[in-house]
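> make a model of this:
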Amino acid sequence: MRTVHSLKELRTILRGGYRQQGKTIGLVPTMGNLHEGHISLVRKAAEASDIVVTSIFVNPMQFGANEDLDTYPRTLVEDQEKLAAAGNTLVFAPPGVEEIYPEGLANQTKVVVPEVSEGHCGASRPGHFEGVATVVTMLFNMVQPDIAVFGEKDFQQLAVIRKLARDLMIPVEVIGARRCGKTMAWRKAPVTAICPSRSGGASLRWCSGHSVIPLTSWHRDAPTTASSSRRHAMHCLRQGSGRTTSTSSTA
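Numbering: from 1, shown residues only. Here you go, the predicted structure:
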């Protein structure tokens, strides 16, 4: 596994080697501090492509004014070890913000995805999905992947990314990978992906670091059983994306 720190290095390797060999490329965007959930996305990308590129970049544009950007864990060495063991091919780890935003955040062109980025996490974290959509669009342009894998547990984020890829006609297949069970979020709060709850319904986490809510609380016509709730969730996601790709949970 190789690690590169500049866009020039990244493009040289991808264009000069893998693309000329006809290899398919998968992308897994992350902010580092990787746990088993991230690693499962890397494994999924490895199943669906020849080459896996994992990006590690703590994106300041998606943090709010009162959020802990400066204290977000930077664990590159540990992350590299986990990625190598998972079969990752290439790590793109920009050393600083200037590599991604050379003219600064204030002068950066931004991507705004209407409708699906509004409400829920978008309402409680103004500008968050604008930051996510912008950096993901840039990564799509930098890596030019054939597929990109994101966790379904960040449900609203996945819908935003699928819509931006469709609306901007970016030729990438956005795959949502589902994973049930608990993991530990950055602030050490337990979070849960879409999966049956003890009450018989299904739960859904809208965005990283935010609370789990029942599916029945975000749509007045949502069904009440675990199996029907999952079907309803997938229907809403497909409506937001215009795609039907969904497998079995970043940035």
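
> so where does the nearest residue to F129 once chain neighbours are set aside fall, helix or strand?
Of all residues not flanking F129 in the chain, S117 sits nearest, at 3.8 Å (CB to CB, 6 or more residues apart in numbering). Every C-beta, even on glycine, is put in place using the N, C-alpha and C of the backbone. Counting by DSSP states H and E, S117 is held by no secondary-structure element, helix or strand.

> S117 reaches R162, doesn't it?
No - contact criterion CB atoms under 8 Å: S117 and R162 do not qualify, at 11.7 Å.

> got a list of what the residue nearest to F129 touches?
Contact analysis of S117 by CB atoms under 8 Å, 6 or more residues apart in numbering lists 129-130, 133, 156, 160.

> E47: which of these is nearest?
V160 (24.4 Å; CB to CB).

> from P114, how far off is the closest one?
Distance from V160 to P114, counting by CB to CB, to the nearest Å: 10 Å.

> could you do A106 as well?
Applying CB to CB, the value for A106 to P114 is 22 Å.

> okay, and which of the contacts of S117 map to helices?
129-130, 133, 156, 160 (DSSP state H).

> top of the residues you listed by neighbour count?
V160 (30 neighbours; other CB atoms under 10 Å).

> quick check: that one touching V111?
No - between V160 and V111 there is no contact under CB under 8 Å: 9.5 Å.

> so for these two, which residues contact both of them?
A133.

> look up phi and psi at the residue nearest to F129.
phi -90, psi 0 (degrees, to the nearest 10).

> what does the pLDDT read for it?
Looking at S117, its pLDDT is 80.

> V112 contacts V132, doesn't it?
No - in this structure V112 lies outside contact range of V132 using CB under 8 Å: 11.0 Å.

> looking at the two, which is more packed in?
Neighbours per residue (other CB under 10 Å) separate V112 from V132, with V132 holding more: 30 against 11.

> please report how far the more buried one lies from Q21.
32 Å.

> can you give me the strands in the protein?
2-4, 25-30, 51-56, 90-92, 147-151, 173-177, 182-184, 190-192, 195-196, 202-205, 212-214 (DSSP state E).

> burial count for E36?
Using other CB under 10 Å, E36 has 12 neighbouring residues.

> burial count for P102?
10.

> quick one, phi psi at it?
Per degrees, to the nearest 10, the backbone of P102 is at phi -60, psi -20.
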